[in-house]
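Chemist: Okay, predicted coordinates and the sequence, questions at the end:
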Amino acid sequence: MDEQAAVDWTARYAPAARAEGLRERKKRLMRRQLSDTATRMFLDRGFDAFRVAEVAEACGVSQKTVFNYFPTKESLVLDRLDTTMASLRTGLAEPGVPPVEAALRILDRELSAMTAWLAGQEDPVQAARAVRRFGDLIRATPSLRAYQSDMMDQFVSVATEILAARAGMSADDPEPQIAARALLGLWHVQAESLRRHLDGAPARIHDLVNADVRRAARLIESGLGSFATVPGIPRSR
């Protein structure tokens, strides 16, 4: 497996473009090139040993251009979290879909894309090692752990606003606050389960991880079911 294939999985959550114009396509491809390049450097050297200027040079753009796409070095490596945020905003606000089911749909799309990518590699075992190494390096890098934590707080805030709106409550009320934290806990369950099961065949990985996430979801489903679905609920800002 070549070096490029070792990091393509970081863009696995990107949705298919709809009616994408030439300008939008160029921007999307540049964003992916920048992130993939940074991820290769990250896997090879660690987070502190590469500079944003090196990413810019490797991609033939200015450092300012990199920061136009990614405001921080951390977001350059963990860009997929932005896609998860977008999925939360639209998925949790979809009328008629219970919150737990909406979260499970998002998580399954992320997991399915990951395992499909693994299955498509010439050497799925080596590909899985690259994914595992990526996670290990994140856990070993304080600034990336802090960035993940900050993003999770933002996820919780968005989910709290949407769940409160569904129930006709205020986001300051305790019920939507704890419900949002419980719901976002499913992402932690999926990440930890994936870490444990990465050594298996891709289809087996999907089944085992999905089973763990659904076990956790059943524990919180009855409580979160009290948040009624209200047609035409407002979108989170």
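Modeler: Great, that's in hand. Residues are numbered from 1 along each chain as shown.

Chemist: what comes up buried for the helix or strand harbouring residue 146?
Modeler: Assigning secondary structure by DSSP states H and E places residue 146 in helix 142-167. Of the residues in helix 142-167, those buried under the neighbour-count criterion (16 or more other CB atoms under 10 Å) are 144, 147-148, 151-152, 155-156, 158-167. (Each C-beta comes from the backbone N, C-alpha and C, glycine too.)

Chemist: repeat for stretch 118-131
Modeler: In stretch 118-131, counting by 16+ other CB under 10 Å, buried: 118, 121, 124, 127, 128, 130, 131.

Chemist: and the end-to-end length of that stretch?
Modeler: Taking CA to CA, to the nearest Å, the span from the opening residue of stretch 118-131 to its closing residue is 9 Å.

Chemist: How far off centre is it?
Modeler: The offset between the C-alpha centroid of stretch 118-131 and the centroid of the whole chain comes to 19 Å, using CA atoms, centre = their mean, to the nearest Å.

Chemist: for stretch 59-72, same thing?
Modeler: With CA atoms, centre = their mean as the basis, the mean position of stretch 59-72 lies at 21 Å from the chain mean.

Chemist: now could you export just the CA positions of it as CSV?
Modeler: Only the C-alpha atoms of stretch 59-72 are listed here, as CSV (Å, rounded to 0.1, in the frame of the first residue of the first chain):
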residue,chain,number,x,y,z
CYS,A,59,0.8,21.5,-2.0
GLY,A,60,2.2,24.5,-4.0
VAL,A,61,0.2,27.2,-2.1
SER,A,62,1.0,29.9,0.4
GLN,A,63,0.8,29.4,4.1
LYS,A,64,-2.0,32.0,4.1
THR,A,65,-4.0,29.8,1.8
VAL,A,66,-3.7,26.9,4.2
PHE,A,67,-5.1,29.0,7.0
ASN,A,68,-7.9,30.2,4.8
TYR,A,69,-9.1,26.5,4.8
PHE,A,70,-8.0,25.5,8.2
PRO,A,71,-7.7,28.1,11.0
THR,A,72,-5.4,26.0,13.2
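
Chemist: Just the mean pLDDT for it, thanks.
Modeler: The average pLDDT for stretch 59-72 rounds to 95.

Chemist: Give me the contact list for that stretch.
Modeler: Residues lying outside stretch 59-72 but in contact with it, judged by CB atoms under 8 Å, 6 or more residues apart in numbering, are 27, 30-31, 33-35, 37, 52-53, 55-56, 76, 79, 147.

Chemist: Pull out the buried members of these.
Modeler: Neighbour-count burial (16+ other CB under 10 Å) is assigned, among the contacts of stretch 59-72, to 30, 31, 33, 34, 35, 37, 52, 55, 56, 76, 79, 147.
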